[in-house]
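Colleague: the following block contains a protein sequence and its predicted model.
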Amino acid sequence: MNVKSVLKNIKDIDKKIYMIMKNGIKFSFVFCLIAVFILAIYCGSSIPSTYNIGVSLFKSSLFFLISFVIFGYAFNNIIKTRWIVKY
């Protein structure tokens, strides 16, 4: 699979799946900003628990971001192949 086919598949994503992916990415971005804010608080206060909380939230937000993109793409491919294959 080359880059052109991947970009073509991304452009052909169903509207509902695209909206779910878009809202999930927005949620993950806000979650990431909150984590960065907590890490900025750690720079000023040096409380170890704020560091652990900030890093955990940051990891979670990046995981959510990647998950929304990958699962949305995979779910779109499942929907497309389901309509192509007739039982």
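Modeller: Yep, it's here.
Colleague: quick one: low-confidence parts of this structure?
Modeller: Within the chain, the stretches with pLDDT under 70 are 1, 83-87.
Colleague: so where's the longest helix in it?
Modeller: helix 48-84 (DSSP state H).
Colleague: chain center to that helix, what's the gap?
Modeller: 4 Å (CA atoms, centre = their mean, to the nearest Å).
Colleague: which secondary structure elements does that helix contact?
Modeller: helix 3-11, helix 15-45 (3 or more CB pairs under 8 Å, 6 or more residues apart in numbering; DSSP states H and E). C-beta: built from backbone N, CA, C; applies to glycine.
Colleague: between it and helix 3-11, how many degrees?
Modeller: With axes from the mean of the first three to the mean of the last three CA atoms, to 10 degrees applied, the angle from helix 48-84 to helix 3-11 works out at 90 degrees.
Colleague: list the buried ones in helix 48-84?
Modeller: 50-51, 53-54, 57-58, 61, 64-65, 68, 72-73, 76 (16 or more other CB atoms under 10 Å).
Colleague: of these, which is the nearest to Phe37?
Modeller: Lowest distance from Phe37 to the buried residues of helix 48-84 (CB to CB) belongs to Gly54, with 8.2 Å.
Colleague: so how far is Phe68 from the closest one?
Modeller: 21 Å (CB to CB, to the nearest Å).
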